[in-house]
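Undergrad: Using only what follows, build the 3D model:
(chains A, B, C and D)
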Number of protein chains: 2
Amino acid sequence: MTDVAREVGVTAKTVSRVLNDDGPVAVETRERVMEAVRKLGYQPNLMARNMRVGARDAAIGLVIPEMGNPFFGTVAGGVESAVRARGLTLIVGSSDETAGLEQSLIATFLARRVSGLMVVPAAAGDHRHLRSERVAGLPIVFLDRPAVGLTADCVVSANREGSRAGVAHLISHGHRRIGFVADVPATLYTRRERFQGYRDALEEAGLPFDRSLVETGHDMEAAAAATLRLLALADPPTAVFTGNNFASMGAVVALSRAGRKDVALVGFDDLPLAEVLDPPLTVVAQDPAAVGAAAAELVLARLDGDRSRARRATVPTRLIVRGSGELPPPAGPRS
Amino acid sequence: MTDVAREVGVTAKTVSRVLNDDGPVAVETRERVMEAVRKLGYQPNLMARNMRVGARDAAIGLVIPEMGNPFFGTVAGGVESAVRARGLTLIVGSSDETAGLEQSLIATFLARRVSGLMVVPAAAGDHRHLRSERVAGLPIVFLDRPAVGLTADCVVSANREGSRAGVAHLISHGHRRIGFVADVPATLYTRRERFQGYRDALEEAGLPFDRSLVETGHDMEAAAAATLRLLALADPPTAVFTGNNFASMGAVVALSRAGRKDVALVGFDDLPLAEVLDPPLTVVAQDPAAVGAAAAELVLARLDGDRSRARRATVPTRLIVRGSGELPPPAGPRS
DNA sequence: ACAGCGGATGTCAACGTTGACATATGTCAA
DNA sequence: TTGACATATGTCAACGTTGACATCCGCTGT
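TA: Here you go, the predicted model:
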């Protein structure tokens, strides 16, 4: 900047004024400055600028569990466009679903003095350490899953209601014994909520809850095995509800391998190939971009001085009917 | 930092020494400093630090076309772990496959004085504007597609060879008329390379190239339509090679809708559900995480002072045989 | 006893930018 | 003519940190 100023024969401050449209500058001076900027290929140093003004980095930090997962990728995409529209930069890190990595990422972001923090909590996280930052007024929003040990803004999908609707859909097609397959232990928020939705639907229809119809598999293969275990029961389910995309894929694999095209299936989370499957997969679709965008809006509102108490926003899900959920239960002795 | 120093009764410099393990500090002083740091909840300001030392931000900027696309997400994941292992932070932006957004993202990163730049070029990009930065010694690496108008480091998949191998696989199963479906116009590097691989395989086997077997569809539906057009030809192909994951999905949909389980299919890019399809999809799989990691290694090597000329690294692809590529051509009048 | 040395700490300036305030020049109304 | 005011620019300091160099102390060896 000093170089540019020298070139034009003015002070750095004048150059600063030109570049920031701040204060009065003679038209001729402005032009000469702009020309020198071009000539020297000058680019303002954002680091120095951020340090001077407000001592905050014009960036938002985002922690997600996995970059390769399209769900979180799309969430990040939603966050990014909203954030960029405000002239802020997005800094992303992935925690690999590990509390330790998550903490160290957050620490890095805080050390950079980001203007806001967005976190998809890792499964075993704990966010009490963020209390002081929150009190100090740093906008912090949690996505997809709420914070643990901290009252803070949060944007989640309508897990319970979506799950309820998916299971109710199966019930409305005559199913009375419906398996539930999800990947992760009960510590994961989304799993708990979706399981509640499953029970809500059963209760609403006056159907009994049968513990033996609930299975767990932490990845696709495990979910496939879990599905097969359900089918091998003495009194097997006629339909299955899967609590996330890996579980859905596993169930699809299992039904395909077992040649059981008669078992109805509804999955939580849409899959890119869902309509190509045989039968096409009926799903409860989330809207990850909307989750990201909503969270970003919350952060931006807080940046604008919104000091109201912590809010929880819920992004609706949508039942996409494609075929696999509409299979009727086989006509059995009792039906 | 001054607050901590005052608390302990030393100078900021001493606190700095403690925190950076730099220079001799009395054990007792160190402990008292650490305690004050904890007590005051002090966190060093990375922005100020970066500005002082080397005038470079301890971050790497990465531009990808789309966040939600698992291919680029996984690339970003590969980059991130490599970069973080070096204590650097990853800053990501998505260009939405737009040259304008790409440029403005790059400008932002340069203004932040990132230590390195990694770019997956948007389809219509032009990177001449980066020449001066490159000359100035900024590590710049292009991923998945080479730079346009600039000689620079680059990491790409073995598009041509992978494609050749995929088509050769079909040929080895007796196919002589093989359709080619890819999404994008000839300006896209990957499309050009994969098409060349297709022609290589034909030539290698002494098969004629038939222009009418080449179709274009820019998304899944378009690719499906393109596939149907191929099947409707007077002398239709007995096998199809698809040049990317959307094209593959489109082809799968088309074959499924047309009830043509006899048409062999090999696709470039693996799909999460490939093995669940009927028949399971044979693919030429890329290794996006390896692409990201290799690119990151290149940037880091440049940061370490490697000033050798621009390199191009090629990450191998892998043929994953699952069934759809092994269907024999129907016994026709001529075979 | 004293030079010399290494350990522990301090002082100062600088990184690039911009807020707060000051100065200089010109314009206009009283 | 003069003071009030707007316009155009300059001066200075500060943001938080650390490199370069200086200082002070006690200990060692002769």
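Undergrad: Near DNA strand D, which residues of chain A are found?
TA: A:9-14, A:17, A:23-29, A:48, A:51-52, A:55 (CB under 7 Å from any atom of the strand). Backbone N, C-alpha and C define where each C-beta goes, glycine included.
Undergrad: 6 Å instead?
TA: A:Val10, A:Thr11, A:Lys13, A:Thr14, A:Gly23, A:Pro24, A:Val25, A:Ala26, A:Thr29, A:Met51, A:Arg52, A:Ala55 (CB under 6 Å from any atom of the strand).
Undergrad: Among the residues you listed, the buried ones, what's the PyMOL command?
TA: In PyMOL, this line selects whichever of the residues of chain A next to DNA strand D come out buried by 16 or more other CB atoms under 10 Å in any protein chain shown:
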select buried, chain A and resi 10+14+25+29+51
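Undergrad: Can you name the element that comes right after the helix-or-strand element of chain A with minimal mean pLDDT?
TA: Within chain A, judged by mean pLDDT, DSSP states H and E, the helix or strand with the poorest mean is helix A:46-52; its value is a mean of 89. Sequence-wise, the next helix or strand downstream of helix A:46-52 (DSSP states H and E) is strand A:57-64.
Undergrad: how many degrees apart are that following strand and strand B:57-64 in direction?
TA: Calculated by axes from the mean of the first three to the mean of the last three CA atoms, to 10 degrees, strand A:57-64 forms an angle of 60 degrees with strand B:57-64.
Undergrad: Which stretches in the stretch 1-150 of chain A count as helices?
TA: A:2-8, A:12-20, A:27-40, A:46-52, A:70-84, A:99-111, A:131-135 (DSSP state H, counting those that start in this stretch).
Undergrad: Which one, of those helices, ends up nearest to B:Val283?
TA: helix A:70-84 (17.6 Å; CB to CB).
Undergrad: Only alpha carbons, please: show that closest one as CSV.
TA: Output in CSV follows, covering the C-alpha atoms of helix A:70-84 (Å, rounded to 0.1, in the frame of the first residue of the first chain):
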residue,chain,number,x,y,z
PRO,A,70,-22.8,-35.6,0.5
PHE,A,71,-25.2,-34.7,3.3
PHE,A,72,-22.6,-32.6,5.1
GLY,A,73,-21.1,-31.4,1.8
THR,A,74,-24.5,-30.0,0.9
VAL,A,75,-24.9,-28.5,4.3
ALA,A,76,-21.6,-26.8,3.8
GLY,A,77,-22.6,-25.6,0.4
GLY,A,78,-25.7,-24.0,1.9
VAL,A,79,-23.7,-22.3,4.5
GLU,A,80,-21.1,-21.1,2.1
SER,A,81,-23.5,-19.3,-0.3
ALA,A,82,-25.3,-17.5,2.5
VAL,A,83,-22.0,-16.5,4.1
ARG,A,84,-20.4,-15.4,0.9
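Undergrad: Point out the other helices and strands that that helix packs with.
TA: strand A:57-64, strand A:89-94, helix A:288-303, helix B:70-84, strand B:89-94 (3 or more CB pairs under 8 Å, 6 or more residues apart in numbering or on different chains; DSSP states H and E).
Undergrad: A:Val253 and B:Asp278: what is the separation?
TA: A:Val253 sits 11 Å away from B:Asp278, going by CB to CB, to the nearest Å.
Undergrad: Thanks a lot, catch you later.
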